[in-house]
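Structure, please.
(2 chains)
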Amino acid sequence: MAVKAQISEDGKILTISVPSRLDITAHKEFGEAYKDKLGPVSDCIVDMADVEFLDSSALGMLLMFREKAAEESVDISIANCSSSVKKIFEMANFDKLFKME
Amino acid sequence: MEQQSDDSHVGQGVHICSMGLKILVVDDENMSRKILSRGLAKDGHTPFTAKNGQEGVALFERENPDLIIMDIMMPVMDGYEATRIIKEKAGESFVPIIALTSLEDEKGLARCIEAGADDFLSKPVTPTILKAKIDAMMRIRGLYDAVTGQRNERDREMEFAEKVYSQIVYRGSMEETNINYWSSPMAIFSGDILLIARSPAGPVNVIMGDFTGHGLSAAMGAMPASDIFYAMTAKGYSINEIVMELNRKLKQLLPPNIFLAAAMVQLDSDKGMATIWSGAVPDIFVLGKEGGVKNRFKSRNLPLGVVDNELLGSTVEVIALAEGDRLCIFSDGVTEAVRADGEMFEEERLEECLNRYRGDRLLEAVKAAVDKFCEGQSQSDDVTMVEIICDNKAIRPMNVKTPEISGKSAPFDWGMVVELSSGRLREADPLPMIMQVLMEDDVLAQHKENLFLVMSELFTNALDHGVLGMDGSLKKTVEGMVQYLTEREKALASLEAGLIKMEIKHAMHDGERTFVVRVEDSGPGFDYAEQETSRSESSSMGGRGIKLVRSLCKQTVFHGSGNQVEATYLIT
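Below is the predicted model of the structure:
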């Protein structure tokens, strides 16, 4: 399973779907998914529907993304988290950093 | 027979040697063995033969060939089985096996590779093809050897680096009698750190941290972090101040995707209380002396190195502890330990294990529980566990050296006056800063603990009772202490007017070397004459306070309305 990126019809929203296994390749693909695409969009939704677990490197990956998005004034929201993924966000207090839906 | 070595280069400095190889030929057909051996000898190699798989395995073990040509259909033991066994015995080293087969069906050829063969040759074998296959195999072995060599060298470098790293990072007092810990890194470098150090006034600081990822890149952040922790603890800074500085430094140094999840605890066993800061680590558990979980604290803060200090918004917990209570901290390597079906150990199982255990080998019990749960699954993350016991009878070890290098011995006839108005008093504890100046003097540095105690006690008295007007009687009980601190915090935050003046003189006086501290506050004072004659309880918990100052100093005298005090400490 790979990272998938999709732009909405009006070109304003970028949705990135995160695969269940977040290994080194997935981290690279995630970076590619938003690279050069953040300029024209205003919002980005990170879809975690397939994700069961996040380790600290995955959290780090999201932090990197957060910084890049801030540079381009893009708002990020994290969507469709399972209860276990939500718990991980809460333990790290990352729900203070990201908008959770 | 003299062996020539023909070194041909294959790009990137990989040498291949295709001459004078020791080649084992395993074939049940006599003719086949003879022809192959002759051909190989003509090419300058040293062939030897076996007539079935079993003999082949035995010869492999005895002679250690560079390459094996293995027939498939043989009695006693066929080529598939012999290949499997030899590959297993070879282990990490690469012994190429070329399967000899007269089979033309694809499945048969594929089976050779599955059994472990690296290539195959169809009978009848022509000399040109044979030589080409051997050359190709040797090229691959060259690459394999290069990679293995690099890996071995890297491992050696890492082991050396780890020794240096340990010396730098683990300079604190890891041998405290009331602190148990267990850590298991996943690789040579651990991304987890566990540091322990004593504050000059007595409390002990512990930090358990977990850098993103693991290995060398994770461990890099540990060096500046440990410097900050040890230096600031030695100067008596608070948990909050140390956290802020760590956050600032790590945010500056580390890339955006690397952060430090951490728990920091300051345990004051004498006062029976602990201050806890935690960010992005599993819950911290408090257990009673007899066993069982008394309390559980969630991480309330972001990990360190992610956001600027203004946004970090530190929340600390101040808790009361009875003698024998323990605080248990775990890195997420424990709660996220995973077994074969993907299920994780989780906090619930951890709490259950902690609740059930009775005895004084708590961490061993937790480790055993995790190992049992994982059922042999290999460790996938660094693991760290700490047990901090509230024990005011714990022996205090010798003080550890701080990272700075002490300079020259300053002349001892000098004085210093520090005036602190309400604005500065509201900000932060000024004592660490003052201590820093004093510690420049080698001689004074030897009396660091005592001087800090005396100055800290006099200053705290002046601030709490003189300027803030706090009532010391609250501090007599453990719960009262927590309430006292909360009220003090409020009073300090809303302080409008107030002044504390500290005068320090380090000089010779009547043939004795003295360190005189004089503290004056803008408060109303108190009836010190009455206190001295009635020998009433001192104002701090645990019998400390002015009594302690008196015990350390040659003399301690109150002046004015009780808002001035002068203590004379002898430097011997």
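
What is the burial count for the residue of chain A found nearest chain B?
Taking Cβ to the nearest Cβ, chain B has its nearest neighbour within chain A at A:Gly60, 3.3 Å off. From N, CA and C alone the C-beta is placed, and that goes for glycine too. Residues lying near A:Gly60 (other Cβ atoms under 10 Å in any protein chain shown) number 23.

Spatially nearest residue to the residue of the stretch 251-400 of chain B found nearest chain A (excluding sequence neighbours)?
Nearest to chain A in the stretch 251-400 of chain B, going by Cβ to the nearest Cβ, is B:Asn257, at a distance of 3.3 Å. Spatial nearest neighbour of B:Asn257, chain neighbours left out: A:Gly60 (3.3 Å); criterion: Cβ to Cβ, 6 or more residues apart in numbering or on different chains.

what's near enough to touch the one you found?
When the contact criterion is Cβ atoms under 8 Å, 6 or more residues apart in numbering or on different chains, the partners of A:Gly60 are B:Thr212, B:Gly213, B:Pro256, B:Asn257, B:Ile258, B:Phe259.

Ramachandran coordinates for the first one?
Dihedral angles of B:Thr212 (phi, psi; degrees, to the nearest 10) stand at phi -60, psi 140.

could you measure it against B:Pro256, distance?
B:Thr212 sits 10 Å away from B:Pro256, going by Cβ to Cβ, to the nearest Å.

Specify which residue of these two has the higher count of neighbours.
Set B:Thr212 next to B:Pro256 and count neighbours by other Cβ under 10 Å: B:Thr212 wins out with 25 against 16.

Who are the contact partners of that one?
A:Ser56, A:Ser57, A:Leu59, A:Gly60, B:Gly191, B:Ala218, B:Asn257, B:Ile258, B:Phe259, B:Leu260.

Pull the residues that contact the least confident helix or strand in chain A by mean pLDDT.
Using mean pLDDT, DSSP states H and E, helix A:24-34 stands out as the lowest-scoring helix or strand of chain A, at a mean of 86. For helix A:24-34, contacts defined as Cβ under 8 Å, 6+ apart pick out A:2-5, A:14, A:16, A:18-19, A:44, A:57-58, A:61, A:64-65, A:68-69.

Quick check: next helix or strand after it?
Per DSSP states H and E, the first helix or strand lying C-terminal to helix A:24-34 is strand A:43-47.

how big is the angle separating that following strand from helix A:24-34?
150 degrees (axes from the mean of the first three to the mean of the last three Cα atoms, to 10 degrees).

If you count neighbours, what's buried in strand A:43-47?
Under the neighbour-count criterion of 16 or more other Cβ atoms under 10 Å in any protein chain shown, strand A:43-47 has A:Cys44, A:Ile45, A:Val46, A:Asp47 buried.

Residue 31: neighbour count?
Reading this off chain A. A:Gly31 has 14 nearby residues by other Cβ under 10 Å.

meant chain B actually
For B:Met31, the count of nearby residues is 8 (other Cβ under 10 Å).

Check B:Glu157 too.
Around B:Glu157 sit 12 other residues, with neighbours defined as other Cβ under 10 Å.

One more: the one 3 residues further on?
Taking other Cβ under 10 Å as the neighbour definition, B:Phe160 ends up with a count of 10.

Repeat that for the one 5 residues further on.
Counted with other Cβ under 10 Å, the neighbours of B:Tyr165 add up to 20.

Repeat that for A:Lys99.
Neighbour count for A:Lys99, taken as other Cβ under 10 Å: 12.

Is the closest residue to it other than its chain neighbours part of a helix or strand, or is it coil?
The shortest distance from A:Lys99 to any non-neighbouring residue, by Cβ to Cβ, 6+ apart, is to A:Ser77 (4.2 Å). The three-state assignment at A:Ser77 reads strand, by DSSP: H, G, I helix; E, B strand; the rest coil.

ok, now which ones touch A:Ser77?
For A:Ser77, the contact set (Cβ under 8 Å, 6+ apart) comprises A:Asp43, A:Cys44, A:Ile45, A:Val46, A:Phe98, A:Lys99, A:Met100, A:Glu101.

thought A:Lys4 was touching A:Leu14?
No - at 11.1 Å, A:Lys4 does not count as touching A:Leu14 under the criterion of Cβ atoms under 8 Å.

between those two, which one's more packed in?
Legend: neighbour count by other Cβ under 10 Å for A:Lys4 and A:Leu14, higher for A:Leu14 (23 against 14).
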